[in-house]
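Engineer: Requesting a structural model of the entry that follows:
(one chain, ligands or ions: 3)
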Amino acid sequence: MFDLSRRQFIGSLSALGAAGAAPGMAFSAVRKTTQAASAESAAAVSALEKAAAGFGNPLRLPGTSGLYGVLPASEFREVHVVRTEIEVLPGQRTPYLAYAVESGGKQFLNPALLARRGDEMRVRLVNDLDEPTVIHWHGLSLDARNDGNGMTVVEPGKSLDYAFQLRDRASMYWYHPHAHGFIAKQAYHGLASLLFIDDDEETALRRELDLALGETEIPLVLQDRQFDAQGRLQYVPTATDLAAGWVGERLLVNLTERPFIQAGRRIVRFRILNGSNARTYRLAFLQGGRRLGFFLAGTDGGLLAAPQRIDESFISPGQRLDVLVDLREISEGQAVTLASLAFDPMHAEGAGGHGGHDAGAMEGMADMAGMDHSKMAMPAASKANMAMDGDAHALLRIDVKASPAYSRKIPAVLSALPAAVAPKGAPRRMKLALDIKGHWTINGWTFDPKVVPVTVRRGTAETWLIENARRSMPHPMHLHGFKFRVLERLGSPAQVHALAGAKGLLAQDRGMLDTVHVWPGESVRIALDFSHPYAGDQDYVFHCHNLEHEEAGMMIRYAVKG
Ligand code: C2O
Ligand code: CU
Ligand code: CU
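Structural biologist: Ligands and ions are numbered 1, 2, ... in the order given. Below you'll find the predicted structure:
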C-alpha cells in the first residue's frame, strides 16, 4: 500500500465507497482506476473536441522575420538578450524576454535557426538584461565551453562568443538560458527557441513526403503560463511550487492561446517541443469522439529507424517528438484536435511523509487533482481556478480543407539509426529521491557549483540505471553533452506500462534522447557513449528538466576526463 500516492489512495477509497476498506482491496481498486483513466471515454474525447471547436486564434507560425522568424544559422551572428513586449494574448502587451537579432534589415525575436549538419556556428551573445544569462544549446553535442552549461555566465552588459561545429544528427533542437538561479524564470518569461539541423536522411524524408517547414511541417512549442489581468506573465513560485514545479493554467502553442490551423488532406508533420517549465502532456489527436492513430518519426535526437504507429505519447519538459499525421483519413471540412489527455501526474507522493507546511500544501493540491479527475474533461470554465499537471486540455484544432491530390507514403525506413546496444559492465546508478529537508536529489546530491561528483572517461560506453523512488514525482532527466539510448524500463506505473512494448519500452524510447522521463517507482536503464572529438577534460551537467526542480538543485556536474 505504501507505493500508492495519496491521491490514488484517496481515489481508491472513494471508488470503493468505504474509507475502512482493507489495504489489499484498495490496491486492486487503484489498478482498475488507473487503467480506466488511460482508456479515454468517448465523452471525454468529445468534450475536448468541443472545446477546440471554439478556438479562434490562428496558430503563430515561423515566418520570415519577427517572433520565431526563420533565420539561417549562418546569419545568426550577434544576438541580444533583451527585455521587450509582445502581444501574446489578443489586444494585450506582455512584457517578455527574447533573443533579438537583426539580419538583412529585418528584426527577429527568438528566431528559429536553420542549419545543416557540419555547419559552423559563430555567434556573439550580448546580455542587455540586468541579470546574468547564458545560452545553452539543448541537445547538441558540444565541448563544455560552447555548451553553455552555466559554469560561465554572461554578466549584464557583457558578451560571450560561441564558435562550434554542428556535429549532431538532424533534429529539432532548442536553445534556452542556463545561468543557474535564473534558468526557470528567464525561460518562463520568454527565452527559448528552436534550432533545426538538417542532414541527408532528413532531406530525403522531406522530399519523400513533400514537406515544407511552416506549411506542411509545423513546429509546435507547448507552454503553459499564468497571466494577470493586464496580460503580464505571473511567475511567483512558492516553496511548494519549487518542490512540485510551476504549472500554468493557460495553454499556449507557439505563444497562441486557443489556436487553430488549416491543413490539406495529406501527411502533415508536427515537430513538437515541450517548452513548459514543469508540465507534462499526454498527447493524442482526436476526431469524431475517438483517437486518430499517428506515426512517431523521431525524438529529441532525430529520426527513428522506422516509424512507429501509436495513438498517444507523453512528452515531458525539454523533450521533442517528431510526428506524422495522415489527414487523408479525415474528410474535408472535419477537424482534428491535438489534445493532452488526462493522466495521473503522480505528484506529491514523496512530500506526504515529511510533514511541514509545504508538504501539506502539496497534498492539498493532489487532493484537488483527484477530485478533478473524477470529472474528467469538465469544461475548463467550470474548473476550480487551479492549474494542475495531468488535467485534460485541448491544445490545437486542425481544420482539414480541400487540397491537391497527394499520394505519398511514409517510408518504412527513416534513418540508419542502429539498435541500442547495452554496454558491458555494471551500471552506474543514479537514484532520484526527496531528502529529509524536502530537496529533490540525485544520489543524495544537490547542485553545488564547486563539486563534481561524477567523472567518466572519454571514449567509454556506460550504462546508467536511473532509479526513481516510489514515493516521488516524475523527473525528466536531461544530460548535457551526449545523447543516449533507452535499454529498459522497469517498475513503470500502469498508465505508462499500458503504452509499453518489450522491455517496458515506449515508442519514444526507440529514438536518441537527451531527456528521459522517469516516473515514480521506475528504473530506466540507458546506454551512453562518452566519445567526442574535443581535447582535454570537459565538464557538463545532468539535471531534472522540471526547471523548478533544477533551480532547487536537482542537478549535478559531471566531468569527462580526456
Ligand atoms: Cu534544456 Cu540543462 O537544459
Ligand atoms: Cu541541455
Ligand atoms: Cu524533477
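
Engineer: can you list the residues of the stretch 201-350 of the chain near ligand 1?
Structural biologist: Within the stretch 201-350 of the chain, the positions adjacent to ligand 1 are G318 by C-beta under 6 Å from any ligand atom. In short, each C-beta sits where N, CA and C put it, glycine included.

Engineer: how much space between the closest residue to ligand 3 within the stretch 201-350 of the chain and A392?
Structural biologist: Residue of the stretch 201-350 of the chain nearest ligand 3, by C-beta to the ion: G245 (7.2 Å). From G245 across to A392, the span is 18 Å (C-beta to C-beta, to the nearest Å).

Engineer: So for these two, which residue has more residues nearby?
Structural biologist: Between G245 and A392, counted using other C-beta atoms under 10 Å, G245 has the larger neighbour count: 28 against 22.

Engineer: Could you pull up the residues touching the spatially closest residue to that one that is not a sequence neighbour?
Structural biologist: Spatial nearest neighbour of G245, excluding adjacent residues (C-beta to C-beta, 6 or more residues apart in numbering): A278 at 2.5 Å. Neighbouring residues of A278 by C-beta atoms under 8 Å, 6 or more residues apart in numbering: A244, G245, W246, V247, P317, D389, N546, L547, E548, H549.

Engineer: and what of W174?
Structural biologist: H138, G139, A192, S193, L194, L195, L273, G275, R320.

Engineer: with these in mind, which one is nearest to N110?
Structural biologist: S193 (3.8 Å; C-beta to C-beta).

Engineer: residues touching the closest one, list them.
Structural biologist: S193 touches Y68, Y99, N110, P111, A112, L113, W174, Y175, counting by C-beta under 8 Å, 6+ apart.

Engineer: Over in this structure, which residue gets nearest ligand 1? Let me know.
Structural biologist: H138 (3.6 Å; C-beta to the nearest ligand atom).

Engineer: pLDDT value on the residue in the stretch 451-562 of the chain that ligand 2 sits nearest to, please?
Structural biologist: The nearest approach of the stretch 451-562 of the chain to ligand 2 comes at H480, 4.8 Å away (C-beta to the ion). Here, the pLDDT recorded for H480 equals 98.

Engineer: what's the nearest residue to it if we skip its chain neighbours?
Structural biologist: Y540 (4.0 Å).

Engineer: Now which of the contacts of S193 would you call buried?
Structural biologist: Y68, Y99, N110, P111, A112, L113, W174, Y175 (16 or more other C-beta atoms under 10 Å).

Engineer: ok, so of these, who is nearest K409?
Structural biologist: Distances from K409 to those, taken as C-beta to C-beta, are shortest for A112 (28.1 Å).

Engineer: May I ask you to confirm that the closest one is in contact with I218?
Structural biologist: No - between A112 and I218 there is no contact under C-beta atoms under 8 Å: 11.5 Å.

Engineer: for the stretch 151-300 of the chain, which spans come out with low pLDDT?
Structural biologist: Regions of the stretch 151-300 of the chain meeting the criterion pLDDT under 70 are absent.

Engineer: circling back: mind listing what the residue of the stretch 201-350 of the chain closest to ligand 3 touches?
Structural biologist: So G245 contacts N277, A278, R279, D389, M473, N546, L547, E548, H549 (C-beta under 8 Å, 6+ apart).
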